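**Student:** Requesting a structural model of the entry that follows:
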Amino acid sequence: YMIPIYKQLITTVIAPHGITDIIHAAQYNMTTELVTFNGLTIGTSYALSEKAPLLLDGAFIAASVVHFRHDMPHINAIPRATLSAALIAVSIMYDPNILILYMVLSHVPNHYRTNWKYISTDKKNVGLIVLFTIVLFFGGEIFPDLYESGLTFDCAKGLIISHVVYNEKYIYNDE
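**Tutor:** Below you'll find the model as predicted:
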């Protein structure tokens, strides 16, 4: 059973946070590289969705573990990646709502906090985030089948993997 408003949470909270990659890339003249890499990962995900879906899922899960470890608390004897992997495992095995709630209540706010130094350089950046949120929301309302398509979800996995790689390389590169 999914949270009744899960699609709206995805379109208005979760998906828009990736726009911060474009904000960062624009500030550091890396937009071409970002768009190229996004295109390559989406194309690869499209191909893998037909030819090797388990490989795509494995890459997506691994990227998620890597990305979410930044949100995990520091506990002396437990690596943060282990906590992140446990979150993903529990979400897959027991209830996907756990992941959606984690994204809404923890990951997305933490992501904006981490990227605030890039967002806050220009008031237009907040406007861009709001505009992107509105576009994604209405896109979900006007084209609901698109958001429920397996192929769309598989291509979104590629975009998410790209988001993770970009963040690891350029945002969290000081860790």
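**Student:** Poorly predicted segments of the protein, please.
**Tutor:** By pLDDT under 70, the low-scoring segments of the chain are 1-4, 174-175.
**Student:** what ranges do the strands span in it?
**Tutor:** In the chain, no strands are defined using DSSP state E.
**Student:** how much space between the closest residue to P73 other than its chain neighbours and N167?
**Tutor:** Spatial nearest neighbour of P73, chain neighbours left out: L83 (7.3 Å); criterion: C-beta to C-beta, 6 or more residues apart in numbering. (Each C-beta comes from the backbone N, C-alpha and C, glycine too.) The gap separating L83 from N167 is 18 Å, by C-beta to C-beta, to the nearest Å.
**Student:** Next: V90.
**Tutor:** 23 Å.
**Student:** if I pick T41, what's in contact with it?
**Tutor:** With contact set as C-beta atoms under 8 Å, 6 or more residues apart in numbering, T41 has these partners: 158-159, 161-162, 165.
**Student:** Now do L105 against L99, distance only.
**Tutor:** 11 Å.
**Student:** let me redo that: H70
**Tutor:** Taking C-beta to C-beta, one finds H70 at 16 Å from L99.
**Student:** residues contacting N167?
**Tutor:** Counted by C-beta under 8 Å, 6+ apart, N167 has contacts 21, 67.
**Student:** Neighbours of M72, how many?
**Tutor:** M72: 18 surrounding residues under other C-beta atoms under 10 Å.
**Student:** I figured it was touching R80, is that so?
**Tutor:** Yes. Between M72 and R80 there is a contact at 4.1 Å, judged by C-beta atoms under 8 Å.
**Student:** Now Y28. Nearest residue, chain neighbours left out?
**Tutor:** Nearest one to Y28, counting by C-beta to C-beta, 6+ apart, is Y170 at 7.2 Å.
**Student:** and the one you found, how many neighbours?
**Tutor:** 16.
**Student:** my guess is it contacts N29, does it?
**Tutor:** No. Distance between Y170 and N29: 11.9 Å, which falls outside the contact criterion (C-beta under 8 Å).
**Student:** CA atoms of stretch 139-151 as CSV?
**Tutor:** Extracted in CSV, the C-alpha atoms of stretch 139-151 (Å, rounded to 0.1, in the frame of the first residue of the first chain):
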residue,chain,number,x,y,z
GLY,A,139,3.3,17.2,-15.6
GLY,A,140,2.2,14.5,-13.2
GLU,A,141,-1.4,15.8,-13.1
ILE,A,142,-1.7,16.2,-16.9
PHE,A,143,0.2,13.0,-17.9
PRO,A,144,-0.4,10.6,-15.0
ASP,A,145,0.4,7.5,-17.1
LEU,A,146,3.9,8.9,-17.7
TYR,A,147,4.6,8.8,-14.0
GLU,A,148,3.4,5.2,-13.7
SER,A,149,5.3,3.9,-16.7
GLY,A,150,8.0,1.3,-16.1
LEU,A,151,10.1,2.8,-18.8
